[in-house]
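Enquirer: Would you be able to build a 3D model of this:
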Amino acid sequence: MDNKLKILSDWEEMGDSHVASSKETPLREDAFEMDDQLKIELDCQTFQRNHARIGIGFSR
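Expert: The predicted structure is shown next:
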């Protein structure tokens, strides 16, 4: 069986019955220490700063 077909077959066989397919995660260890609202506010500030830097303005 072609390797791509084998991977697809294994993936389809696993379906929704897997708990985790990897021990690694992109989440940082401190991902849940900060309040969600604070994360949103900080992201908005960063977004606005970055866009202001390249000349995109925002109306309020």
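Enquirer: the helices in this structure, which residues?
Expert: Taking DSSP state H as the test, the helices found in the chain are 3-14, 36-53.
Enquirer: Which of these sits closest to residue 24?
Expert: Residue 24 lies closest to helix 3-14 among the helices of the chain, at 17.6 Å (C-beta to C-beta). (Each C-beta comes from the backbone N, C-alpha and C, glycine too.)
Enquirer: if we can go back for a sec, and the helices of the chain as JSON lines, adding mean neighbour count, mean pLDDT and distance to residue 28?
Expert: Formatted as JSON lines, the helices of the chain follow (neighbours: other C-beta atoms under 10 Å; pLDDT from 0 to 100; distance: least, C-beta to C-beta, whole Å):
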{"stretch": "helix 3-14", "mean neighbour count": "10", "mean pLDDT": "71", "distance to residue 28": "27"}
{"stretch": "helix 36-53", "mean neighbour count": "10", "mean pLDDT": "93", "distance to residue 28": "12"}
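Enquirer: and residue 30, which of those helices is closest to it?
Expert: Taking the helices of the chain one by one with C-beta to C-beta, helix 36-53 is closest: 11.3 Å.
Enquirer: so who does the residue nearest in space to the middle of the chain touch?
Expert: Among the residues of the chain, the one closest to the centroid is residue 26, at 7.6 Å (C-alpha atoms, centre = their mean). Contacts for residue 26 (C-beta atoms under 8 Å, 6 or more residues apart in numbering) come out as none.
Enquirer: about what we covered before: take the helices of the chain and write them to JSON lines, including distance to residue 30.
Expert: JSON lines is the format used below for the helices of the chain (distance: least, C-beta to C-beta, whole Å):
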{"stretch": "helix 3-14", "distance to residue 30": "31"}
{"stretch": "helix 36-53", "distance to residue 30": "11"}
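Enquirer: sorry, back to before: roughly how far does the residue nearest to the centre of the chain sit from residue 13?
Expert: Remark: distance between residue 26 and residue 13 (C-beta to C-beta, to the nearest Å) = 25 Å.
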